[in-house]
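Undergrad: Just the structure for this:
(one chain, ligands or ions: 1)
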Amino acid sequence: MRFYTIFAFAASATAAAIPDAEAQPNVGSSTPSCKADSREIAISKAAFLKAMIIPPRPSQYNDQVNIIPSFNPDATIAIDYNGKQVKYGTKFQMTETATQPNVVFTAESDRRYADYNYTVIMADPDALSPAGTAPGPTMKNFLHWIYYDAKPCIERKQQPNAKDQPMYMLPTPPSPQAHRYTFLVYRQPKGVYTPPSVLQFPQTSGTARGMFNVNEYVKAGKLEGPVAGNYFLEAVPVAGGTSS
Ligand SMILES: *[C@@H]1O[C@H](CO)[C@@H](O)[C@H](O)[C@H]1NC(C)=O
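TA: Next up is the predicted model:
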């Protein structure tokens, strides 16, 4: 727990000096500073609204299009696939996302939560295809990945581990319209946490991935947030062209 003490100390300094590398052995090189940037927090919220991951107002939640009813981030999440950053709608090719990315999220600016654990969910609301196109989001959400007991500022490297439930599954968007592959970071309740079984939620038989109800899972796990989020776009490559 030594690291968290150091981080809390660093975050309290207005100059936000970055603790030396020895004090932060698990922080990845892609995010040299782990301080949440209020400007980027605002950008993430605007991006979720623009991409319709959230509705303009919670009461306008549309289950065909939106993933979550509201988003009031207090942190940011950095994701990279072999060095290529996910930044609010970055376009990826299927070949680039075949193996799980590196992930790190910042601590919340509210320091009461500095030592809490978090759950990261990656889901695709546009399976089989986005709302308004055929066949439509009949498998919304397609669950790609959940891992729990994650700590702020500790980079999750590419290897699978026991707290992946379920493990990363590569995107294979079956439509030429881009899917919004969305990452959401939720604060877990205090103490030892047992994640709900994803099988408790509406699932397509066999895959345990399709029709995953993010909001019901969050409720069952008593998760708070999301406190951070990001997304990328990916479509099936069209013959002779590039994916959109
Ligand atoms: C974080 O998770 C560990 C392992 O389950 C647990 O012992 C600890 O109490 C959790 N921290 C908080 C603040 O809930």
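
Undergrad: Tell me which stretches of the chain form helices.
TA: 2-12, 38-50, 214-220 (DSSP state H).

Undergrad: Can you flag the weakest of those by average pLDDT?
TA: The stretch with the lowest average pLDDT out of the helices of the chain is helix 2-12, scoring a mean of 35.

Undergrad: For the most centrally placed residue in the chain, give me the pLDDT.
TA: Centroid-nearest residue in the chain: Phe183, 1.8 Å away (criterion: CA atoms, centre = their mean). The per-residue pLDDT reported for Phe183 equals 98.

Undergrad: got the contact list for it?
TA: Residues in contact with Phe183, defined by CB atoms under 8 Å, 6 or more residues apart in numbering, are 77, 79, 86, 103, 120-122, 229-231. Using the backbone N, CA and C atoms, a C-beta is placed for each residue, glycine as well.

Undergrad: what angle do the lengthiest strand in the chain and helix 38-50 make?
TA: Among all segments of the chain classified by DSSP state E, the strand with the greatest residue count is strand 224-234. Angle of strand 224-234 versus helix 38-50, following axes from the mean of the first three to the mean of the last three CA atoms, to 10 degrees, is 70 degrees.

Undergrad: residue ranges of the strands in this structure, please?
TA: Listed in chain order, the strands of the chain (DSSP E) span 77-81, 84-86, 90-92, 102-105, 118-124, 142-150, 179-187, 224-234.

Undergrad: closest one to the ligand among these?
TA: With CB to the nearest ligand atom, the closest approach to the ligand among these belongs to strand 142-150: 5.2 Å.

Undergrad: and the closest one, what other elements does it pack with?
TA: strand 118-124 (3 or more CB pairs under 8 Å, 6 or more residues apart in numbering; DSSP states H and E).

Undergrad: In terms of secondary structure, what does the strand it packs on contact?
TA: On a contact count with 3+ CB pairs under 8 Å, 6+ apart, strand 118-124 meets strand 102-105, strand 142-150, strand 179-187, helix 214-220.
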